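*Asks:* 3D model of this:
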Amino acid sequence: MEIVKHLTGDPAAVAVVHALLLGLGATAIADLAAAALHRLGGPPMPDYALVGRWIAYMARGRFRHERLSGAPRAPREVATGWAAHYVTGVAFAGLLTSIWGSGWLRAPTPGPALLVGIGTLALPLLVMQPAMGHGIAASRSPRPVAARLRSLVNHALIGIGLYLAGRVLSLALRP
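*Replies:* Below you'll find the model as predicted:
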């Protein structure tokens, strides 16, 4: 990673590259872990097509739905949803590195990564689920407790992914 610093000479650009690598790695790790848990009988994988559909409707000025899953499909909603999922992972990594700084990247610890992962649980519970027609903390969904638990697991996996990706990135950052 030192080559990035030498090529750019700009600490802000280096921070962006680090957040990008950390976020992409963390999200991939979380997705692999979620898939493994699902294969072992755990919760289903999130449906990122619905996220893509929500984004498509937002682009048309509609931010809230009575039941987004019943709304007509949007073009490229699957690709849009998956892209948004990975962009969000990069944003979470940016949040982590902006709060704990480059020192955390040199010597990652699980606490800050888990705090960011679980702390960002507020987004699906208070923004996404209500906007998609499921109510605050999935209170209007068919199985609210299961939906909340699934969100908690997904965000804990992001925290674990941030930590593990941080460990890998820290090896690349060593002089």
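*Asks:* Now do stretch 121-133: distance from first to last residue.
*Replies:* Counting by C-alpha to C-alpha, to the nearest Å, the length from the leading to the trailing residue of stretch 121-133 is 17 Å.
*Asks:* buried set for that stretch?
*Replies:* Across stretch 121-133, burial judged by 16 or more other C-beta atoms under 10 Å covers 121, 124-125, 128-133. The C-beta positions use only the backbone N, C-alpha and C, and glycine is treated the same way.
*Asks:* got those as a markdown table, with secondary structure columns?
*Replies:* Rendered in a markdown table, the data for the buried residues of stretch 121-133 read as follows (DSSP: H, G, I helix; E, B strand; the rest coil):
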| residue | secondary structure |
| --- | --- |
| 121 | coil |
| 124 | helix |
| 125 | helix |
| 128 | helix |
| 129 | helix |
| 130 | helix |
| 131 | helix |
| 132 | coil |
| 133 | coil |
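*Asks:* would a markdown table of those residues with pLDDT and distance to residue 149 be doable?
*Replies:* Output for the buried residues of stretch 121-133, formatted as a markdown table (pLDDT from 0 to 100; distance: C-beta to C-beta, whole Å):
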| residue | pLDDT | distance to residue 149 |
| --- | --- | --- |
| 121 | 96 | 11 |
| 124 | 95 | 12 |
| 125 | 96 | 12 |
| 128 | 95 | 16 |
| 129 | 96 | 13 |
| 130 | 96 | 18 |
| 131 | 95 | 20 |
| 132 | 95 | 17 |
| 133 | 94 | 19 |
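*Asks:* For residue 50, state which of these is nearest.
*Replies:* residue 132 (6.5 Å; C-beta to C-beta).
*Asks:* Provide a list of residue ranges in this protein with pLDDT below threshold.
*Replies:* Within the chain, the segments meeting pLDDT under 70 span 1-9.
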